[in-house]
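>>> The following comprises the amino acid sequence and a computationally predicted model.
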Amino acid sequence: MSEGFGLYLHIPFCKSKCAYCDFYSLCGTEGKTVFLDCLSKELGSEKQYIDGNQLSTIYFGGGTPSLLSANDYKLLFESIGREYDIGRCTEITLEANPDDLSPAYLKSISGLPFNRISIGIQSFSDRELRALGRRHDASQGIEAVVRCREAGLNNISIDLMFGIPEQNELSLQSNIEQTLKIEVPHISVYMLSLEPGSLLYKDWQQGRFTEISDEEAEKHYFLISDQLKQAGYDHYEISNFARPGFRAIHNASYWSGRPYLGLGPSAHSFNGRTRRWNPASLEAYIQGIQNRNLIREEESLDLYTRYNELIMTRLRTSEGFTTDELLFLYGPELYDYCLEQARPLMAGGMLENTDGRIKLAYRAYFVSDSVIRALFWDDGKLDRCK
């Protein structure tokens with residue numbers, strides 16, 4: 001595997017739970033030492049899942065990875081280096097909360113191999129940040145970007161959210177203007193999703209706020225997209241914008257079908273043939289690693305599942321996929337099926353086929369899920385195409 005693969009490590013600790021979050025995490029760092037020992041053991045035991053040991057990217061996600069100390073990361077990088085070749089690793093990302101990025105913390109990690117940082121800013125409005133249950137305020141978000149640059153970390157990504165309770169077009173416009181003012185090279189834009197079990201979902205159920213309408217959400221999405229594009233950002237994936245040369249390399253492996261290894265509780269892995277995921281429980285994860293019997297769920301990917309994965313992931317990108325690779329990878333039956341399903345979407349202006357490359361039309365970005373579902377394979381639709 002000459003190109004290498006991506007390594008994702010899930011750090012499950014948070015100081016507090018954000019009101020919208022449904023990712024697996026725990027409040028506090030109890031059990032951190034045992035967890036790090038188990039993570040180091042998993043690094044060594046799971047090499048056989050991916051054919052090779054050449055890493056192309058490393059991504060520390062969570063949770064809140066910036067709760068780990070520089071010494072914690074030093075030990076993790078030593079463990080990674082013992083098991084894998086990181087000499088040609090092009091991107092090593094740390095997810096961080098703005099309030100964790102003090103000058104002292106950034107100085108402490110300056111000797112570590114991080115070359116990219118992803119900051120969960122979400123909004124530059126204190127009122128909106130309180131609604132989201134974030135720990136930081138707007139000024140801390142701006143200061144975090146400044147401090148990262150002062151520490152020599154210039155490959156900076158920030159998260160920006162829309163659809164926040166009581167957010168309106170005026171406050172969203174203010175967020176966009178502040179985003180452009182800090183001139184970060186990468187921006188991930190997400191619509192607030194009301195996930196069952198989250199605090200915001202309970203507030204919505206109890207009528208404490210009204211969810212944004214589809215029409216207003218679409219307007220806000222394109223307001224952000226159009227202004228970022230006008231400012232020189234490449235809208236290279238439905239939720240992601242980058243200056244030239246600053247696309248997220250690790251995340252691109254998810255969209256392009258390249259293999260990746262995920263370690264830690266709830267982490268997912270993919271090797272081209274199967275997809276598997278660790279239990280979303282720190283207790284079960286630690287017990288499984290210590291007993292050398294971690295119970296994972298696993299899904300084998302047959303031809304039709306792999307076809308659906310291509311549609312689901314590649315259509316999220318501005319490049320889409322080519323009809324040549326569709327025919328080569330999946331054969332004439334699925335090739336004909338896909339083009340038949342795509343025909344009305346092309347006629348309706350939702351899909352484009354330019355010189356054999358199928359991709360979403362720009363106007364379809366906000367409704368991409370419905371377009372993607374229309375191309376998915378299922379037995380009934382396949383029979384009707386024969």
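Thanks, I have it.
>>> Phi and psi next, for the residue positioned nearest the centre of the chain.
The chain has Asn251 as the residue nearest its centroid, 6.1 Å off, counting by C-alpha atoms, centre = their mean. The phi/psi pair for Asn251 (degrees, to the nearest 10) reads phi -60, psi -30.
>>> If you count contacts, what does the helix or strand hosting Ile121 end up packed against?
Assigned by DSSP states H and E, Ile121 belongs to strand 116-122. The contact analysis (3 or more C-beta pairs under 8 Å, 6 or more residues apart in numbering; DSSP states H and E) places strand 116-122 against strand 91-96, helix 126-132, helix 138-150, strand 156-162. In short, each C-beta sits where N, CA and C put it, glycine included.
>>> After the last one, which helix or strand is next?
Past strand 156-162, further along toward the C-terminus, the next helix or strand under DSSP H and E is helix 169-182.
>>> ok, Arg363 - contacts?
349-350 (C-beta atoms under 8 Å, 6 or more residues apart in numbering).
>>> wait, doesn't Tyr49 sit right on His268?
No. Judged on C-beta atoms under 8 Å, Tyr49 makes no contact with His268 at a distance of 11.6 Å.
>>> Overlap of the contact sets of those two?
By C-beta under 8 Å, 6+ apart, the residues touching both Tyr49 and His268 are Arg276.
>>> check contacts around Ser157.
93, 116-119, 184-188, 248.
>>> contacting residues around the one helix or strand Ile58 maps to?
Element membership for Ile58, per DSSP H and E: strand 55-62. Strand 55-62 has contacts (C-beta under 8 Å, 6+ apart) with 3-14, 23, 25, 73, 80, 84-86, 88-95, 249-251, 253.
>>> gap between that strand and the chain center?
Per C-alpha atoms, centre = their mean, to the nearest Å, the displacement of strand 55-62 from the mean C-alpha position of its chain is 11 Å.
>>> Also stretch 344-359?
Centre-to-centre, stretch 344-359 and its host chain are 26 Å apart (C-alpha atoms, centre = their mean).
>>> Could I get the buried residue list for it?
345, 350-352, 358-359 (16 or more other C-beta atoms under 10 Å).
>>> so Val189, which of the three states?
Three-state assignment for Val189 (DSSP: H, G, I helix; E, B strand; the rest coil): strand.
>>> so where do the helices sit in the protein?
Listed in chain order, the helices of the chain (DSSP state H) span 32-45, 70-83, 103-108, 126-132, 138-150, 169-182, 199-205, 214-230, 249-256, 282-290, 303-314, 323-347, 368-375, 379-385.
>>> any idea how far Ile289 is from Val34?
9 Å (C-beta to C-beta, to the nearest Å).
>>> Please say which of these two ends up with more neighbours.
Between Ile289 and Val34, counted using other C-beta atoms under 10 Å, the more crowded position is Ile289 (22 against 13).
>>> Tell me if I'm right that that one and Gly44 touch.
No. Checked against C-beta under 8 Å, the pair Ile289 and Gly44 is beyond contact range at 10.6 Å.
>>> now the helices of the chain as a markdown table including distance to Arg276?
Shown next, in a markdown table, are those (distance: least, C-beta to C-beta, whole Å):
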| stretch | distance to Arg276 |
| --- | --- |
| helix 32-45 | 13 |
| helix 70-83 | 19 |
| helix 103-108 | 34 |
| helix 126-132 | 32 |
| helix 138-150 | 34 |
| helix 169-182 | 37 |
| helix 199-205 | 28 |
| helix 214-230 | 33 |
| helix 249-256 | 15 |
| helix 282-290 | 13 |
| helix 303-314 | 14 |
| helix 323-347 | 22 |
| helix 368-375 | 23 |
| helix 379-385 | 25 |
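>>> Now render those helices as CSV, adding mean pLDDT.
Putting those into CSV (pLDDT from 0 to 100) gives the following:
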stretch, mean pLDDT
helix 32-45, 96
helix 70-83, 96
helix 103-108, 97
helix 126-132, 94
helix 138-150, 97
helix 169-182, 97
helix 199-205, 88
helix 214-230, 97
helix 249-256, 93
helix 282-290, 97
helix 303-314, 95
helix 323-347, 97
helix 368-375, 96
helix 379-385, 51
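>>> Sweet, I'm off.
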